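In: Sharing a sequence plus its predicted fold:
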Amino acid sequence: MNNATLIEVKNVHKTFKKGDRQELLVLEDINFRMDEGEIVAILGKSGSGKSTLLRILAGLIQPSSGNVFYRGKPVLGPARGISMVFQTFALLPWLTVLQNVELGLEAQGINREERRARALKAIDTIGLDGFESAFPKELSGGMRQRVGFARALVVNPDVLLMDEPFSALDVLTADNLKSDLLDLWETKKTGLHGILFVTHNIEEAILLADRIIVFNSNPGTIRNELRVTLPHPRNDLDPRFRNQVDRVYTLMTTSETQDSMHGHPQIDLSYRLPEANIAEISGLLELLNSPLNQGKMDLPDLADTLMLDIDELFPLTELLEILHFAKVSKGDITITDAGIAFVEFDILERKKLFLEHLKKYVPLARYIYEQLMRHPRHRALEENFLSLLEDYFSEKEASRILRTVIEWGRYAELFAYDYNAGVLSLENPK
């Protein structure tokens, strides 16, 4: 017998206003359902709209178009039955643990005696018995997040939504809290019928979830989904677990913007360039080209070697692909002939090769250079280029992208930059 549907998302789009007329598309045509008894992970890079979707599901914000249903009824505002745990602990510092946990019950109009009893039970369930009278400043990060869980569970939710709830914690604390959460779920110590969480940690998604929905970025769309059938408790050293990790890396690194012949991203001025610095990609290329790796590595192994998560690793591999210094395919990264040349060159030759590839494969860098060449004094205000980027991105993201390209351009000596004046120029115009 099929389980009842808890949450259904139909054709959801979300845009945010950037100005009087401009809009930024964050989510596009999102469709999925979640059934009773499921733990579902939404996995994607930062900026893919995962947290925005979670807030739409919670009824905290409305979609621009499309619908969300909870047990068959449209979600038009915060729905009783759905609780949320946030990435930041969001505790009121002037309230004790007990008072923080009671807040949701107080908002529901529960009388003082009942909410006190329910809050104490939730605190005990989540492993904080003895800390009821403590203030948030007295607690460790892991304990503060446990208060967040207790506050979400005290209202007896049907569905628990979690926005990267372990990302602000150290590894050991996070692992302990994940284990306790799974124990609560499997022993049915709460009334939960479903858990949906967002993460950018592949291993975390596979450790916890029955099903993983993989998101694309810019805008956020559903790329694929896969079911994880491994029994709990799961061991990240189990070959079956590592096989699942490989599957997800393959899904997340097979770009839809790649050229069919050469397999490298084809980009324009509207492309959201990754935030990656030259020292990091140089080190990664040297690692790939080492005798041990012979030009090729498995991405999960690379992530483990460098101790990076996908939000730290993928910008590096993406830039290497853009510059044609490496190729990512089926969860592996392989150095190209140009990448080998970069590694083997001396500093000056590296700069020349980087300059050549930057002008050839990064349209924004080429556009800046051409504009400077056209100007009689070979100068331009950075505001001109920010204005261009803000046609495609938020003000903050436009600033980040321009700052990144300026760093690359200065390394390559493609152009110079005066930070105080906000002026780009050609040092040696030709």
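Out: Happy to help now that I have it.

In: hey, where'd the strands end up in the stretch 201-350 of the chain?
Out: Using DSSP state E, counting those that start in this stretch, the strands assigned to the stretch 201-350 of the chain run over residues 211-216, 221-227, 296-298, 326-329, 332-335.

In: Just want the angle from the first one to strand 221-227.
Out: Read that as strand 211-216. 160 degrees (axes from the mean of the first three to the mean of the last three C-alpha atoms, to 10 degrees).

In: Show me what strand 211-216 is in contact with.
Out: By C-beta atoms under 8 Å, 6 or more residues apart in numbering, the surrounding residues in contact with strand 211-216 are 32, 38-45, 48-50, 205-206, 221-228, 248, 251-252, 256. C-beta coordinates here come from the backbone N, C-alpha and C atoms, glycine included.

In: Count the neighbours of the closest residue to A303 other than its chain neighbours for me.
Out: Leaving aside its chain neighbours, A303 sits nearest to L313 (5.1 Å; criterion: C-beta to C-beta, 6 or more residues apart in numbering). If you count neighbours by other C-beta atoms under 10 Å, L313 ends up with 22.

In: Verify the stated contact: L313 with L302.
Out: Yes - counting by C-beta atoms under 8 Å, L313 does reach L302; the two are 6.9 Å apart.

In: so where is the stretch 151-300 of the chain shaky, pLDDT-wise?
Out: Applying pLDDT under 70 to the stretch 151-300 of the chain flags residues 254-266.

In: Next, the residue minimising distance to the centre of the chain: secondary structure please.
Out: With distances taken as C-alpha atoms, centre = their mean, S46 lies nearest the centre of the chain, 2.6 Å away. Using DSSP: H, G, I helix; E, B strand; the rest coil, the three-state assignment for S46 comes out as coil.

In: Go ahead and confirm it touches N201.
Out: No - counting by C-beta under 8 Å, N201 is not a contact partner of S46; they are 11.4 Å apart.

In: quick one: average pLDDT of stretch 125-136?
Out: Stretch 125-136 comes out with an average pLDDT of 85.

In: same check, this time on stretch 355-365
Out: 94.

In: what about it, distance to the chain center?
Out: Offset of stretch 355-365 from its chain centre (C-alpha atoms, centre = their mean, to the nearest Å): 27 Å.

In: C-alpha coordinates for it, PDB please?
Out: Once non-C-alpha atoms are left out, stretch 355-365 reads as follows in PDB (Å, rounded to 0.1, in the frame of the first residue of the first chain):
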ATOM      1  CA  LEU A 355      46.400  35.300 -19.800                       C
ATOM      2  CA  GLU A 356      45.800  33.500 -23.100                       C
ATOM      3  CA  HIS A 357      43.100  31.200 -21.700                       C
ATOM      4  CA  LEU A 358      41.500  34.000 -19.700                       C
ATOM      5  CA  LYS A 359      41.000  36.100 -22.700                       C
ATOM      6  CA  LYS A 360      39.800  33.200 -24.800                       C
ATOM      7  CA  TYR A 361      37.500  31.400 -22.500                       C
ATOM      8  CA  VAL A 362      36.200  34.000 -20.000                       C
ATOM      9  CA  PRO A 363      33.900  36.500 -21.800                       C
ATOM     10  CA  LEU A 364      33.800  39.000 -18.900                       C
ATOM     11  CA  ALA A 365      37.600  39.300 -18.700                       C
END
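
In: on that earlier part again, out of the contacts of strand 211-216, which end up buried?
Out: For the contacts of strand 211-216, a neighbour count by 16 or more other C-beta atoms under 10 Å gives the buried set as 32, 38-45, 48-50, 205-206, 221-223, 225-226, 228, 248, 251-252.

In: Tell me who's in contact with the residue lying closest to L98 once chain neighbours are set aside.
Out: Take L98 and drop its neighbours on the chain: the residue closest to it by C-beta to C-beta, 6+ apart is E132, 4.2 Å away. The contact partners of E132, by C-beta under 8 Å, 6+ apart, come to 96-98, 120, 123.

In: The residue nearest to Y249 when sequence neighbours are not counted - how many residues pack around it?
Out: Distances taken as C-beta to C-beta, 6+ apart put G331 closest to Y249, at 4.1 Å, once the chain neighbours are dropped. Counted with other C-beta under 10 Å, residues neighbouring G331 total 19.

In: before we move on, what about F149?
Out: Neighbours of F149 using other C-beta under 10 Å come to 25.

In: Kindly state the beta-bridge partners for N224.
Out: Here N224 sits in beta bridges with V214, going by DSSP bridges.

In: so how far is Y361 from it?
Out: Distance, N224 to Y361, using C-beta to C-beta, to the nearest Å: 27 Å.

In: do you know how far the residue lying closest to L306 once chain neighbours are set aside is from T253?
Out: Distances taken as C-beta to C-beta, 6+ apart place L313 nearest to L306, at 6.9 Å, with adjacent residues excluded. Going from L313 to T253 by C-beta to C-beta gives 10 Å.

In: list residues touching both of these two?
Out: Common neighbours of L313 and T253, using C-beta under 8 Å, 6+ apart, are L299.

In: residues in contact with P219?
Out: Applying C-beta under 8 Å, 6+ apart, the residues near P219 are 25-28, 49.

In: Can you say which of those residues are buried?
Out: Buried members of the contacts of P219, counted by 16+ other C-beta under 10 Å: 26-28, 49.
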